[in-house]
Structures are given as C-alpha cells and as structure tokens.
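# Sequence and predicted structure below; questions after.
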Amino acid sequence: IDQLRFSANVLKWAAKKGCEFNIIEDGHTVLDKIYECLNRKDYHEERKLVINEVTPFLIRMGAKTLKQIRQEEAQQEADYATEIEKLKKLIY
C-alpha cells in the first residue's frame, strides 16, 4: 500500500507540474486505467481508498477518459491546427 500511496503522490506532483494525462496509449488514458483498477475484484478496500483519493484531484486537473475525449472531439468542428496538435500528442 505504501507503493500505491507513493504512486498517487507522484501523479499529483506530475499534475501540478503540467503533465498531460489525456495521452491515449493502448486505447486508454490514465483515468481509464485508474477506473479499471477500481473495478478489479482482487483489489482490497485500502487500495481502492487510495485510488478514490487521487481520482477527483486528477479530474480537477483535467484528466479525462477516452470516451469523454471522443465525445468532445465529435462536438468540435475540425480545423487544421487542432488536428496537428492531436498528431503531436501521438508522436511525442
């Protein structure tokens, strides 16, 4: 549990430093992966408590699920600059 708490503190630190949590890797964002952990049956309540502590903070800092990102993209009218920024996130 100490390692999980340390990881949660690293996530908070990274968020405060401007880390991009909405990069899509293997079809998931950081928030998607956190929600997956909450749904695991083999995670004890203490682990879920730590995850539940960090999740609202990350959401306030702008973390989103892939579904939320796709919904926002569908509502926006595509333009050249926006599409270039999306490609940059994929490359870097």
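That came through fine. Numbers count the residues shown, from 1 in each chain.
# from here on, contacts and neighbour counts on C-alpha atoms
OK.
# do you know how far E25 is from Y80?
Using C-alpha to C-alpha, to the nearest Å, E25 is found at 23 Å from Y80.
# same check, this time on V50
According to C-alpha to C-alpha, V50 and Y80 sit 41 Å apart.
# Which of these two has more residues huddled nearby?
V50 (16 against 7; other C-alpha atoms under 10 Å).
# Now that one: which helix or strand?
Using DSSP states H and E, V50 maps to helix 45-60.
# Show residues contacting that helix.
Helix 45-60 is contacted by residues I1, L4, R5, A8, L11, K12, A15, L31, I34, C37, L38 when judged by C-alpha atoms under 8 Å, 6 or more residues apart in numbering.
# how about these, which pair is most distant?
I1 and A15 (21.1 Å; C-alpha to C-alpha).
# of these two, who's got more company?
Set I1 next to A15 and count neighbours by other C-alpha under 10 Å: A15 wins out with 18 against 10.
# Sketch out the low-pLDDT regions of this protein for me.
The chain contains residues with pLDDT under 70 at 92.
# What ranges does it have for its helices?
Secondary structure of the chain, counting by DSSP state H: helices at 2-16, 30-39, 45-60, 66-75, 80-91.
# tell me the angle of the first one relative to helix 45-60?
Looking back up the chat, that one is helix 2-16. Compare the direction of helix 2-16 with that of helix 45-60 by axes from the mean of the first three to the mean of the last three C-alpha atoms, to 10 degrees and you get 0 degrees.
# Report the inter-axis angle for helix 2-16 versus helix 30-39.
Helix 2-16 and helix 30-39 are oriented at 150 degrees to each other (the same axes, to 10 degrees).
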